[in-house]
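Trainee: any chance you can model this:
(one chain, ligands or ions: 1)
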Amino acid sequence: MFMIRQFQETDLEDVIALWEVCDLSRPWNNPEIDIFRKVAQKDQLFLVAIKDDELIATVMGGYDGHRGWVNYLAVHPHQQRNGVATALIQQLEKRLTALGCPKLQLLIHKDNIDVQNFYEQLGYEEVEVICFGKRLIQD
Ligand SMILES: CC(C)(COP(=O)(O)OP(=O)(O)OC[C@H]1O[C@@H](n2cnc3c(N)ncnc32)[C@H](O)[C@@H]1OP(=O)(O)O)[C@@H](O)C(=O)NCCC(=O)NCCS
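Mentor: Numbering: from 1, shown residues only. Okay, here's the model as predicted:
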């Protein structure tokens, strides 16, 4: 079995290593800075899953006052298809609902069919939008 708890600072290196293994690291994102920024939010929406004292999964949730967001959902390849991501998303949904958040959204790469299947079976639907972005700080 695994347990879900909030991220704590001693998880830092394990989280960064997990994102590497799960291929979530991107050259334009510095994971350490991403984590420090998130911790500074103090919103209790950055969750990790622990099994046998090992950090096996993460989800970095957020709420901007209008929508909830999911980032950095990752489950270690050896621990996938055991319901860990489902449990993390359900825990995040619970916390966001308690905050009064009316809708949860996320961005996924068009080619990531596995993740599309995962979210569809949890009741998420594709939304026809184009995502625009502008970098404000170069990490
Ligand atoms: C996507 C991911 C988070 C799913 O984690 P997981 O813990 O394996 O997911 P669950 O066990 O909760 O899966 C629940 C259901 O989702 C669907 N699903 C999950 N992974 C799937 C896959 N690779 N292919 C097809 N369907 C999948 C299945 O219906 C599954 O139920 P089943 O195992 O009974 O068939 C995991 O594969 C992952 O970390 N991938 C790499 C990182 C990534 O792409 N993150 C998302 C960035 S947007």
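
Trainee: got the residues of this protein near the ligand?
Mentor: Those residues of the chain that sit near the ligand, judged by CB under 6 Å from any ligand atom, are 22, 24, 73-75, 80-86, 108, 112, 114-115, 117-118, 121. From N, CA and C alone the C-beta is placed, and that goes for glycine too.

Trainee: in PyMOL, how would I select just the buried ones from the residues you listed?
Mentor: Of the residues of the chain next to the ligand, the buried ones can be selected in PyMOL as follows, counting by 16 or more other CB atoms under 10 Å:
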select buried, resi 22+73+74+75+80+82+84+85+108+118
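
Trainee: tell me the secondary structure for the residue nearest to the spatial centre of the chain?
Mentor: Here the mean C-alpha position of the chain is nearest to the C-alpha of Val59 (CA atoms, centre = their mean), at a distance of 2.7 Å. Here Val59 is recorded as strand under DSSP: H, G, I helix; E, B strand; the rest coil.
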